[in-house]
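Student: Fold the stuff below for me.
(one chain, ligands or ions: 1)
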Amino acid sequence: MLPAVVKLSCGITYPLSRGMAGLQRTTIAAVGRKLAHHQTGIQAGHPSWWPRGLPWPCRPAAREAPRGRGERRPSLQEEEVALVQQGQEALKTALAILEDQSGWKTEISEENGLIVYSKVLPGAKRVFRLEAELDASPEELHDILFVKVEDMSSWNPSIGRIKILRQINAETMVTHEVSAETAGNLIGQRDFLSVRHCSREDSRICLAGAATQLESLPPQNGFVRAEDGPTCIILEAADSGRDRSRITWLLNMDVKGWLPKSIVNQALPRAQVDFTRYLRQRLAEASGVTAPRQERRRSVNVELGDEWHFGTAGRIGAAL
Ligand SMILES: CC(C)CCC[C@@H](C)[C@H]1CC[C@H]2[C@@H]3CC=C4C[C@@H](O)CC[C@]4(C)[C@H]3CC[C@]12C
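Tutor: Below is the predicted model:
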């Protein structure tokens, strides 16, 4: 009897009854008992009138939910094989998006040759493609953007922190990234958990990425977990000279949260332009061409009144 009452009431009444006064709770329990009395056919966890094959919507609490029969935690090795595959898949999908020439429209065009295009994919998702030339070889850029990915926050104030959580092999890793509070400005701070995969073909280096999951790092309290990818940065030697590269960067991001599309669609290409500007500064500094930047690494929580903070906000505000 008692298990039946619990089964009957746990789907709807239990969460309610927790916040109820004693008398109401007793009434519900009594109704439950009466119902249970009538449902004589309760077997296998649901009443006889319940359609065959349809699961009874009374389930144990999520944290108590056992893994399905025969289901087990994947071994470390299996998890790594799956992650390598996810990285390769991300690369394939991202390259396919970039290779389709149709439907790209110019969003931003700068005098230095930088252009950001955007395109709406089937399913209404908007993606962005940045193209620019940079003063560094593809090899150097690979070193800065992939091998030394954890150092990125020291030269790019849009990024709060990047940590390599799993280095699977030289080509694949899992990273956790936190954007700076000011990065997307009106969008707010985000965190990402991504599988990153590097592939080389001829003189071309591709850095692909896609959102992934790790049992060891579920979404963090207080952060909106955004999803990056399938995305890819292609680095290839530029025609204009040695030690110069052409960068093609597909940004394909779901920033999550409730935000007007118009704000997201302006913040994302802006974030790409900002990122490239910081990368150029980093390259110029490394080659000793310019004086060191005045601004060193900024803290994640930039105070209001900060020039950079208002920089992007102003631009977005003006464009709205
Ligand atoms: C608009 C708001 C929400 C986000 C703004 C910050 C964005 C532009 C930042 C946050 C995390 C960043 C990514 C972190 C790590 C990598 C891996 C590296 O190999 C290439 C660059 C890449 C892919 C960065 C691209 C820029 C990035 C996506």
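
Student: mind checking the SS state of whichever residue of the stretch 151-300 of the chain sits closest to the ligand?
Tutor: Per CB to the nearest ligand atom, residue 184 is where the stretch 151-300 of the chain lies closest to the ligand, at 2.7 Å. (C-beta placed from N, C-alpha, C; glycine too.) Look at residue 184: counting by DSSP: H, G, I helix; E, B strand; the rest coil, its state is coil.

Student: element containing residue 92?
Tutor: If you go by DSSP states H and E, residue 92 is part of helix 76-99.

Student: ok, the closest residue to residue 204 other than its chain neighbours - contacts?
Tutor: Residue nearest to residue 204 in three dimensions, not counting chain neighbours: residue 236, with 4.8 Å by CB to CB, 6 or more residues apart in numbering. Contacts for residue 236 (CB atoms under 8 Å, 6 or more residues apart in numbering) come out as 138, 203, 204, 205, 245, 246, 248.

Student: Let me know how buried the second one is, in neighbour terms.
Tutor: In this case it means residue 203. Residue 203: 12 surrounding residues under other CB atoms under 10 Å.

Student: returning to what we had before: give the pairing partners of the helix or strand containing the residue nearest to residue 204; include direction for each.
Tutor: With secondary structure defined by DSSP H and E, residue 236 is part of strand 231-237. Each strand paired with strand 231-237, and its direction, by DSSP bridges: strand 204-211 (antiparallel), strand 245-251 (antiparallel).

Student: Contacts (any at all) between the ligand and stretch 200-214?
Tutor: Yes: if you take CB under 6 Å from any ligand atom as the test, stretch 200-214 does meet the ligand, through 207, 209.

Student: hey, what's residue 199 bridged with?
Tutor: Beta-bridge partners, per DSSP bridges, of residue 199: residue 206.

Student: Quick check: it vs residue 146, distance?
Tutor: Per CB to CB, to the nearest Å, residue 199 is found 11 Å from residue 146.

Student: now residue 172
Tutor: Residue 172 is 11 Å from residue 146, by CB to CB.

Student: shared neighbours of the two, anything?
Tutor: The contact sets of residue 172 and residue 146 overlap at 196, 198 (CB under 8 Å, 6+ apart).

Student: More neighbours: which of these two?
Tutor: Neighbours were counted for residue 172 and for residue 146 using other CB under 10 Å; residue 172 has more, 21 against 18.

Student: Which strand residues bridge that one?
Tutor: If you apply DSSP bridges, the partners that residue 172 bridges to are residue 169, residue 197.

Student: OK, contacts around it?
Tutor: Contacts of residue 172 (CB under 8 Å, 6+ apart): 83, 84, 87, 195, 196, 197, 198.

Student: what's the pLDDT at it?
Tutor: According to the prediction, residue 172 has pLDDT 97.

Student: Strands of the protein, start to end?
Tutor: For the chain, strands defined by DSSP state E occupy the ranges 105-109, 115-121, 125-134, 159-169, 172-179, 190-201, 204-211, 224-225, 227-228, 231-237, 245-251, 253-254.

Student: Which elements pack onto the last one?
Tutor: Translated: strand 253-254. Contacts defined by 3 or more CB pairs under 8 Å, 6 or more residues apart in numbering; DSSP states H and E place strand 253-254 against strand 227-228.

Student: Pull up the pairing partners for the strand it packs on, direction included.
Tutor: Using DSSP bridges, the strands paired with strand 227-228 are strand 253-254 (antiparallel).

Student: Residues contacting the strand it pairs with, please?
Tutor: Under the contact criterion CB under 8 Å, 6+ apart, strand 253-254 has outside partners 125, 226, 227, 228, 229, 231, 268.

Student: ok, now with 7 Å
Tutor: Under the criterion CB atoms under 7 Å, 6 or more residues apart in numbering, residues 226, 227, 228, 268 lie in contact with strand 253-254.

Student: If anything else comes up later, I'll come back, but that's it for now.
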